[in-house]
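Visitor: Build the 3D model from these lines:
(one chain, ligands or ions: 1)
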Amino acid sequence: MKPFDIVIVGGGGAGLYAAMEAMKTNPSLNIAVLSKVYPNRSHTSAAQGGANAALANKAKDDTVEMHIFDTIKGSDYLADQDAVDILCSEAPKIIRELDNIGTPWSRLDDNTIAQRPFGGAGRPRCCYCADKTGHTILQTLYEQCLKKGVFFFNEYFSLSLSVNNSRMRGLLAMNMKTGKIEAFPAKTVIFATGGYAKMYWNRSSNAAGNTGDGQAIAYRAGIPLKDMEFVQFHPTGLRKSGLLVTEGARGEGGYLVNKDGERFMARYAPEKMELGPRDLVSRSIETEILQDRGFDSPAGKYIHLDLTHLGAELIKSRLPQIREMSMNFEGVDPIEEPIPVRPTAHYSMGGIDTDNYGRTVMDGVYAAGECACVSVHGANRLGGNSLLDILVFGRIAGHTAAEEAGKFEPGVISPEEIKAKDEELRSFMQSSGHYERYGALREELGQTLALNVGIYREASKISRGMDELSLLKERFKKIRVFDSSDIFNTNLMQVLELQNMLDLAETVAAGALAREESRGSHTRNDFPTRDDEKWHKHTIATLDNGTVKLGQKPVTMGRYELQERTY
Ligand SMILES: Cc1cc2nc3c(=O)[nH]c(=O)nc-3n(C[C@H](O)[C@H](O)[C@H](O)COP(=O)(O)OP(=O)(O)OC[C@H]3O[C@@H](n4cnc5c(N)ncnc54)[C@H](O)[C@@H]3O)c2cc1C
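Guide: Presented below is the predicted three-dimensional model:
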């Protein structure tokens, strides 16, 4: 294949914005987007609630500075303040740019872009398209990329970077339609492969494909990962499936209620109540359940999200998807009855370590979106800031790669390297004797993480989790793929995803054990307070002789000093 100037791995919001911006920066570039699912089906399409920007349409006194402060406070002071400045300052521009290219934002009566309140924010600044915001953004970006001549390789599964003497030469991927390994020689590669919270299996709101492939590929190529221990639990997942009920439901006025009929958030966040930040609301729900004030059912313990007082008209117009999901997956119509919910693993704050331009430590390799850690979310992301992150930093990474592609020689990938990769994959189909199956290992991985590295953590549990992960990795060596066909071998793809998750799960657990403090989404029962002296730092995970090696990196401070975080 002819070398590409830029290969973008991932067709979600980050990847498509990067592609659109790279084309705009230099229309003569040869740009490819690879995606293991059809781009419109990327997890971005599931984002319901919206994207933050201090447009001051709804609250006239909102400012970019307030957005910056809310984000830094929300991050429990672990976000890099220069990166947060970029995120929030670019926000109004990017929302308007999307408006100009056709995103159908919901409107206020005066026809300006509508905004709703979201957790941890001082003002209603979340811009939305009903409860289908991500879906509409993704459609808009996909159209633009097709129009501008980006090459799409849909249903291609990326496997590894080709690296020689620390020089990146391109990427190897499997064409799912043929099972063939294909080489993508490239001057630059941008990872935009999304998050890793699906590790938590059915305790997760994520799409099946959010398995951290890009992070694992980068990690194995020697690129460091940052703050992997920070996994956000969203307060309101549906009880049975973990599927998400957007924060917009509380933004519109929904209540959280325990089995005694109490709006228990008064105990934990008397001012913000249900609109406290996600880490705090998730811990509050978990505590209610642990202290036996939740409801019980064969599908697990839960609490109620009550929307009944909002009325049929509001629910039908502003939360139609939530109604549909509650009816389909819980058999409950939120107009009539409260929705059964519990916290669900939702977002990966950690990811590939990048600078503010999307660069990693390896020349020619960039990352953006949920798979990257810039870091703008620190220890806890605010709702509505992730769509914003993928747009702002997707655009920046696309621009940087387009500007810098000319600095690098096009890579050459040898036929021997392709053949070796093919043989590596075929070996999964040939293992004999005692073997392991995908399903069992996958489920055990999710359970181990939910039990030992979940919302509340402590040394003994995390260590147990790490031992179990080592055993799972040993068992993985005997895994067998039973489907030996070339065409859409989804069993092989799942096994490769599992391999990626097993590597990343170790970095999550190792970071969680090392970080002896409680900060943001990371809550240690044995170290219940924040320890700024020892832990106001990012953790850095690198692969060293097959195991995780942890290092640290300072947090970039700015105008805001460390403060106690209360709501
Ligand atoms: C249910 C839900 C609701 C959310 N709601 C909101 C919200 O209202 N507001 C907000 O700000 N945030 C929200 N978020 C978070 C936000 O949607 C995500 O963080 C964001 O969309 C991630 O975008 P992305 O482009 O980084 O990755 P994704 O959209 O996940 O895209 C990843 C892409 O990478 C590709 N890929 C992955 N692995 C491979 C591989 N091995 N080979 C080839 N391609 C690969 C996939 O095919 C896909 O195209 C929500 C998240 C969820 C799960």
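
Visitor: Ignoring the adjacent residues along the chain, who's closest to the closest residue to the ligand within the stretch 251-400 of the chain?
Guide: The ligand sits closest to residue 369 of the stretch 251-400 of the chain, with a gap of 2.5 Å, by CB to the nearest ligand atom. Any C-beta I mention is one placed from the backbone N, CA and C, and that applies to glycine too. Of all residues not flanking residue 369 in the chain, residue 14 sits nearest, at 2.6 Å (CB to CB, 6 or more residues apart in numbering).

Visitor: Check residue 48 too.
Guide: Residue 48 sits nearest to residue 246 (CB to CB, 6+ apart), 3.8 Å away.

Visitor: Confirm the one you found sits in a helix?
Guide: No - according to DSSP: H, G, I helix; E, B strand; the rest coil, residue 246 belongs to no helix; its state is coil.

Visitor: Distance check, it against residue 27.
Guide: 37 Å (CB to CB, to the nearest Å).

Visitor: Those two: which has the busier surroundings?
Guide: residue 246 (28 against 11; other CB atoms under 10 Å).

Visitor: For that one, give me phi and psi.
Guide: Dihedral pair for residue 246: phi -60, psi 150, per degrees, to the nearest 10.

Visitor: shouldn't it be in contact with residue 131?
Guide: Yes - the pair residue 246 / residue 131 is scored as a contact, 5.8 Å apart, by CB atoms under 8 Å.

Visitor: which residues do those two both contact?
Guide: 48, 49, 319, 322 (CB atoms under 8 Å, 6 or more residues apart in numbering).

Visitor: if we take those, which one ends up nearest to residue 158?
Guide: residue 48 (27.5 Å; CB to CB).

Visitor: Pull out the buried residues from the host helix or strand of residue 445.
Guide: When elements are assigned from DSSP states H and E, residue 445 belongs to helix 438-452. Within helix 438-452, the residues scored as buried using 16 or more other CB atoms under 10 Å are 438, 441, 442, 444, 445, 446, 448, 449, 450, 452.

Visitor: and the stretch 101-250 of the chain, which residues reach the ligand?
Guide: 133-134, 156-158, 192-195, 205-206, 209-210, 213-214, 244, 246 (CB under 6 Å from any ligand atom).

Visitor: mind listing which of the residues you listed are in helices?
Guide: By the criterion of DSSP state H, membership of these in helices covers 133, 134, 213, 214.

Visitor: with those in mind, which one is nearest to residue 433?
Guide: Checking these against residue 433 by CB to CB gives residue 213 as the nearest, at 29.0 Å.

Visitor: Remind me which helix or strand residue 23 belongs to.
Guide: helix 13-25.

Visitor: Just the CA atoms of that helix, as PDB, please.
Guide: This file holds the C-alpha atoms of helix 13-25, laid out as PDB (Å, rounded to 0.1, in the frame of the first residue of the first chain):
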ATOM      1  CA  GLY A  13     -15.400  12.100  17.400                       C
ATOM      2  CA  ALA A  14     -11.700  12.500  18.100                       C
ATOM      3  CA  GLY A  15     -10.500  10.600  15.000                       C
ATOM      4  CA  LEU A  16     -13.000  12.300  12.700                       C
ATOM      5  CA  TYR A  17     -12.300  15.800  14.000                       C
ATOM      6  CA  ALA A  18      -8.500  15.100  13.600                       C
ATOM      7  CA  ALA A  19      -9.100  13.900  10.000                       C
ATOM      8  CA  MET A  20     -11.200  17.000   9.100                       C
ATOM      9  CA  GLU A  21      -8.800  19.400  10.600                       C
ATOM     10  CA  ALA A  22      -5.700  17.700   9.000                       C
ATOM     11  CA  MET A  23      -7.400  18.000   5.600                       C
ATOM     12  CA  LYS A  24      -8.200  21.600   6.300                       C
ATOM     13  CA  THR A  25      -4.600  22.300   7.300                       C
END
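
Visitor: And the contacts of the helix or strand that it is followed by?
Guide: Downstream of helix 13-25, the next assigned helix or strand under DSSP H and E is strand 31-35. The contact list for strand 31-35, computed with CB under 8 Å, 6+ apart, reads 4-11, 15-16, 19, 22-23, 39, 42, 145, 150-156, 158, 171, 173, 184, 186.

Visitor: from the chain's centre, how far out does the least confident helix or strand in the chain by mean pLDDT sit?
Guide: When each helix and strand of the chain is scored by mean pLDDT, DSSP states H and E, helix 248-251 comes last, with a mean of 89. Offset of helix 248-251 from its chain centre (CA atoms, centre = their mean, to the nearest Å): 20 Å.

Visitor: what about stretch 147-159, how long is it end to end?
Guide: 28 Å (CA to CA, to the nearest Å).

Visitor: Now do the buried residues in that stretch.
Guide: Buried residues in stretch 147-159 (16+ other CB under 10 Å): 150, 152, 153, 154, 155, 156, 157, 158, 159.

Visitor: Just give the number of residues close to whatever residue of the stretch 201-350 of the chain ends up closest to the ligand.
Guide: Nearest residue of the stretch 201-350 of the chain to the ligand, counting by CB to the nearest ligand atom: residue 213, 3.3 Å away. Neighbours of residue 213 under the rule other CB under 10 Å: 27.

Visitor: contacting residues around it?
Guide: Residue 213 is in contact with 36, 157, 158, 193, 496, 497, 500, counting by CB under 8 Å, 6+ apart.
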